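1. Give me coordinates for this.
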Amino acid sequence: MYYERLKNIYKSRDLQKLFPDILISEFDMFIRKQLKDNNKYINPYKFSYQQNISINDTVKFFIYFTGNDGLFDLLYYFDCSNLACVDTRIYLNSDDPDEIISCEECGKRYAPKTIQKYIKVLFKIKNFIIIPEQRTIERKDPNSTFEAIGELPPNLKIESPSSLGESSQFIDEGDEASAAVDLSLVFSENDDYKGKPISTAIERFKRICLSMEEE
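-> Numbers count the residues shown, from 1 in each chain. The predicted structure is shown next:
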């Protein structure tokens with residue numbers, strides 16, 4: 001189920017053309033390695049570093065895998081400013097954010113428009129998706145260029161000049177916080193090459209945030 005879903009998204013969104021530097025096999029192996037290392041969230045910064053592509057392109061690529069038919073759920077949060085709190089992370093309901101947000105630990109209250117610039121976003125594999133440790137490759141079409149390219153080993157990958165020098169500097173500290181992306185970056189990369197929203201859920205949350213700024 002997992003790999004079929006991954007492959008269907010690649011094909012239906014034409015991602016091999018939009019992101020020629022990212023092979024389906026490498027993305028698959030990256031996800032499996034992240035979960036094998038007990039990482040709760042899939043880290044776009046680490047993928048950006050390993051693939052030598054910009055973090056902007058990586059976040060846009062990840063967004064294509066969100067939504068009801070995708071692989072990832074998006075979690076929005078910010079940290080309570082009270083340093084005395086043991087667990088400072090406060091998660092938000094992107095569909096119906098509260099008018100006042102409170103820290104369950106210390107009770108400190110926040111108005112949504114005051115914390116928007118501090119909101120972070122995490123990419124998490126959907127709970128119902130089971131990813132086996134290994135995948136048996138079954139090529140259905142021996143003449144399929146897409147499947148052949150997707151199965152190429154990393155050493156045969158050709159780097160495009162546009163991707164060189166744009167990758168993010170990543171230091172793997174084993175911290176979940178290092179997988180978090182600024183909300184502003186997610187908003188800015190939620191447009192496809194036609195200028196239309198990739199994720200309607202992200203676009204809806206963006207409009208909610210903009211309406212709060214106007215109040």
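
2. contacts and neighbour counts: CA atoms only from here.
-> OK.

3. all helices of this protein, in order?
-> Secondary structure of the chain (DSSP state H): helices at 2-12, 15-18, 24-36, 44-51, 55-63, 112-115, 145-150, 183-188, 200-214.

4. Mind telling me which of the ones you listed the model trusts least?
-> Looking over these, mean pLDDT reaches its minimum on helix 145-150, with a mean of 50.

5. Relative to Val86, which of the helices of the chain is closest?
-> helix 112-115 (19.5 Å; C-alpha to C-alpha).

6. Now Lys36: closest residue in space, sequence neighbours ignored.
-> Glu133 (7.5 Å; C-alpha to C-alpha, 6 or more residues apart in numbering).

7. How about Cys80?
-> Per C-alpha to C-alpha, 6+ apart, closest to Cys80 is Thr88, 4.8 Å.

8. contacting residues around that neighbour?
-> With C-alpha atoms under 8 Å, 6 or more residues apart in numbering as the criterion, the residues that contact Thr88 are 79-82, 103.

9. Could you give the number of residues near Val186?
-> Neighbour count of Val186, defined by other C-alpha atoms under 10 Å: 20.

10. Tell me if I'm right that it and Val59 touch.
-> Yes - at 6.7 Å, Val186 counts as touching Val59 under the criterion of C-alpha atoms under 8 Å.

11. re the thing from before, for the residue nearest to Cys80, report the pLDDT, please.
-> 88.

12. Please report phi then psi for it.
-> phi -90, psi -10 (degrees, to the nearest 10).

13. Any figure for the gap between it and Asp95?
-> 22 Å (C-alpha to C-alpha, to the nearest Å).

14. coming back round to it: now restrict the contacts of Thr88 to buried residues only.
-> Listed as buried from the contacts of Thr88 are 79-80, 103; burial here means 16 or more other C-alpha atoms under 10 Å.

15. would you turn the residues you listed into JSON lines with distance to Val121?
-> Output for the buried ones among the contacts of Thr88, formatted as JSON lines (distance: C-alpha to C-alpha, whole Å):
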{"residue": "Asp79", "distance to Val121": "12"}
{"residue": "Cys80", "distance to Val121": "15"}
{"residue": "Cys103", "distance to Val121": "18"}
